[in-house]
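Visitor: my questions concern the predicted model and sequence given below.
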Amino acid sequence: MSIPLNLFPPVMFAGLIGIMLIGFPVAFSLAALGLISGAYAISQGWFPVHFMANLPLNVFGILSNELLLAIPFFTLMGAILEKCGLAEDMLDAMGQLFGPVRGGLGYSVIIVGFILGAITGTVAGQVIAMAMIALPVMMRYGYDTRYATGVLAASGTITQLVPPSLVLVVMADQLGRSVGDMYKGAWGPSILQVLLFAAYTFVLTRLRPEALPGVPASARTLQGWALWRKCLRGIIPSAVLIFTVLGSMGGLPGIDHAIATPTEAGAMGAVGALVLALLHRRLDWSLFQQAMVGTMRMTAMVVFILIGSRVFSLVFQGVDGARWIEHLLSDLPGGRIGFLLLVNAFIFFLAFFLDFFEIAFIILPLLAPVAEKLGIDLVWFGVLLCVNMQTSFMHPPFGFALFYLRGIADTLHKNAALPKPVASRDIYLGAIPWLVLQLLLVGIVIFVPETVTFFLDKEVAVDVDKVIIEMPPEEGGGLASPGASGPSSADDARALEELMRPVPDPAAAPQLPAGNSR
């Protein structure tokens, strides 16, 4: 029994969802699905064999995309900073600065998570580094276990949204938009997310003050200027690196022009990370080798996912899958809002099982044309999906941030850093309030798009009815006008008359008599 052409796109899409959920490496399973579907389409005569000859050209186009070169540079920058001890130094300083305040250790984790998110870019490294330092301290001073594990996991996921996030680089590439614009648009939701986390912590200190006690001032090992100096030593170099990298590519609000491409800015960030590691006296061959290996693995994963997704998308386009997606999503009730709600619910479901790279490379190219047709700003659309995809690290029981936290808690207990083991139930239940806050942020970005568009460059509207065209000045000074008098005006009139004189038709000219040459 053969499948008709009009039903083949839904079958391919269902197969896409199925193979992404079975757990086999998606890059290879996706390529296999595309090749099998392509062979079936050729056997049915839906497109010729030479249509698949476009595949090598598409793959070569991926590998020659200069924008994607920014990914290994930003990954290397984050890997170096992740391993150079910057997180430990900042958490220690911030914990002592805010510790005496009720809930102060929670505020410290949120602030450090925001700063580290802008310079490391990896959720795994950030959650592990912060949990290793902050979790034993929070447990020692009587913090609620669920709050402690939740704030550590949630603060680690901020890195997905804070510029210069790798997710935003991928989004810009897939949506065909400027990386600088994506970074500008992400600043509003990033700051709003930090404020939501801090507000939740503040409310808990009022409702359950015993769950978030202040650290005794006697526990401080530093006081006065020595404490502030340690804080500033971690913050100022990090801020200089962040603003240099983002400012050079036009990724900061108020900067209209870029002086570097994202690839060049990423290379500059990698060099800056080496300088910071050197300043902290942590730069050695072992650190550099580990950072290079991590960068190589991340880059290889991204390239293979891109190749697999390109194989699938080529065949999907060949059987009119894009048109099927457009018709399916364009006629939803509620117009743009209905489309955004359905898409975000779909992405939220996929994020239970898939990494953000897989969603960005596979699903986003199918949704972007429909969003553009509905008049949705693609920068806003990309940032919105980025806000949604960061929930993939917080979903109980599948969230990777929760897995990382589970492993670190067990290690700390075995090393006697924690007085008692942390139950998985506490980790999962502690993540739910923070997941709700992230979903609240998704709703805010949907219904208040100014949270993204406020920092973007405003388009200059030109009213063609008010355009004034001025004539160039004459040699004698002043502007020429049609009614000007003088020799030059008369000469121009005679020249115009000569030009407008009709040319006689040669066919109508009188012929000389034969034999008369004069």
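Guide: Okay, I see it.
Visitor: residue 13 reaches residue 319, doesn't it?
Guide: No - at 10.8 Å, residue 13 does not count as touching residue 319 under the criterion of CB atoms under 8 Å. Placement of C-beta: from N, CA and C, glycine included.
Visitor: quick one: which of the two has more around it?
Guide: Each of residue 13 and residue 319 has its neighbours counted (other CB atoms under 10 Å); residue 319 has more, 22 against 16.
Visitor: I'd say that one and residue 10 touch.
Guide: No - Residue 319 is not in contact with residue 10 according to CB under 8 Å; the separation is 10.5 Å.
Visitor: quick check: residue 47 vs residue 323, distance?
Guide: Residue 47 is 14 Å from residue 323, where distance means CB to CB, to the nearest Å.
Visitor: of these two, who's got more company?
Guide: Between residue 47 and residue 323, counted using other CB under 10 Å, the more crowded position is residue 47 (15 against 12).
Visitor: per-residue pLDDT, that one?
Guide: Residue 47 carries a pLDDT score of 84 in this model.
Visitor: do residue 460 as well
Guide: With respect to pLDDT, residue 460 scores 52.
Visitor: same check on the one 5 residues further on?
Guide: Per-residue confidence (pLDDT) for residue 465: 66.
Visitor: and the pLDDT at residue 387?
Guide: 91.
Visitor: for the chain, which helix is longest?
Guide: Taking DSSP state H as the criterion, the chain has its longest helix at helix 285-318.
Visitor: just give me how far that helix sits from the chain centre.
Guide: Distance, stretch centre to chain centre, for helix 285-318: 16 Å (CA atoms, centre = their mean, to the nearest Å).
Visitor: check stretch 102-115 too.
Guide: Its chain's C-alpha centre and that of stretch 102-115 lie 24 Å apart, by CA atoms, centre = their mean.
Visitor: quick check: mean pLDDT of it?
Guide: 88.
Visitor: report the buried residues of that stretch.
Guide: Residues of stretch 102-115 classed as buried: 102-115 (neighbour count, 16 or more other CB atoms under 10 Å).
Visitor: stretch 253-265 now?
Guide: Neighbour-count burial for stretch 253-265, counted by 16+ other CB under 10 Å, picks out 255, 258, 260, 261, 262, 263, 264, 265.
Visitor: what sits against the nearest residue to the last one once chain neighbours are set aside?
Guide: Spatial nearest neighbour of residue 265, excluding adjacent residues (CB to CB, 6 or more residues apart in numbering): residue 249 at 4.3 Å. When contacts are counted by CB atoms under 8 Å, 6 or more residues apart in numbering, residue 249 touches 179, 180, 183, 258, 260, 261, 262, 264, 265.
Visitor: quick check: the farthest pair among those?
Guide: 183 and 264 (14.7 Å; CB to CB).
Visitor: contact partners for the spatially most central residue of the chain?
Guide: Geometric centre of the chain, nearest residue: residue 168, 1.3 Å, by CA atoms, centre = their mean. Residues counted as contacts of residue 168 (CB under 8 Å, 6+ apart) are 161, 179, 182, 183, 186, 382, 383, 386.
Visitor: show me where pLDDT drops low in this structure?
Guide: For the chain, residues meeting the criterion pLDDT under 70 lie at 1, 23, 120-121, 219-220, 222, 457-467, 469-518.
Visitor: give me phi/psi at the closest residue to residue 313 other than its chain neighbours?
Guide: Leaving out its chain neighbours, the residue that sits closest to residue 313 by CB to CB, 6+ apart is residue 365, at 6.0 Å. Note on residue 365: its backbone torsions stand at phi -60, psi -20 [degrees, to the nearest 10].
Visitor: verify the contact between residue 365 and residue 174 for me.
Guide: Yes - Residue 365 lies in contact with residue 174 (CB under 8 Å); the separation is 5.8 Å.
Visitor: residue 185 contacts residue 456, correct?
Guide: Yes - using CB under 8 Å, residue 185 is in contact with residue 456, at 5.8 Å.
Visitor: and for these two, which residues touch both?
Guide: residue 379.
Visitor: so the two - more neighbours on which side?
Guide: residue 185 (32 against 20).
Visitor: now that one: which helix or strand?
Guide: Per DSSP states H and E: residue 185 is located in helix 179-207.
Visitor: now do the buried residues in that helix.
Guide: Using 16+ other CB under 10 Å as the test for burial, helix 179-207 gives 179-190, 192-194, 196-198, 200-201, 204-205.
Visitor: could you do stretch 226-242 as well?
Guide: Buried, per 16+ other CB under 10 Å, within stretch 226-242: 227, 230, 231, 234, 235, 237, 238, 241, 242.
Visitor: from residue 299, how far off is the residue nearest to the centre of the chain?
Guide: Using CB to CB, residue 168 is found at 17 Å from residue 299.
Visitor: and residue 359, by the same measure?
Guide: Distance, residue 359 to residue 299, using CB to CB: 19 Å.
Visitor: more crowded one of those two?
Guide: Neighbours were counted for residue 359 and for residue 299 using other CB under 10 Å; residue 359 has more, 22 against 17.
Visitor: which residues touch the more buried one?
Guide: 347, 350, 351, 385, 389, 392.
Visitor: so how far is residue 153 from the last one?
Guide: Right, residue 392. 12 Å.
Visitor: just residue 69 next, same as before
Guide: Taken as CB to CB, the span from residue 69 to residue 153 is 31 Å.
Visitor: with that, I have no additional questions.
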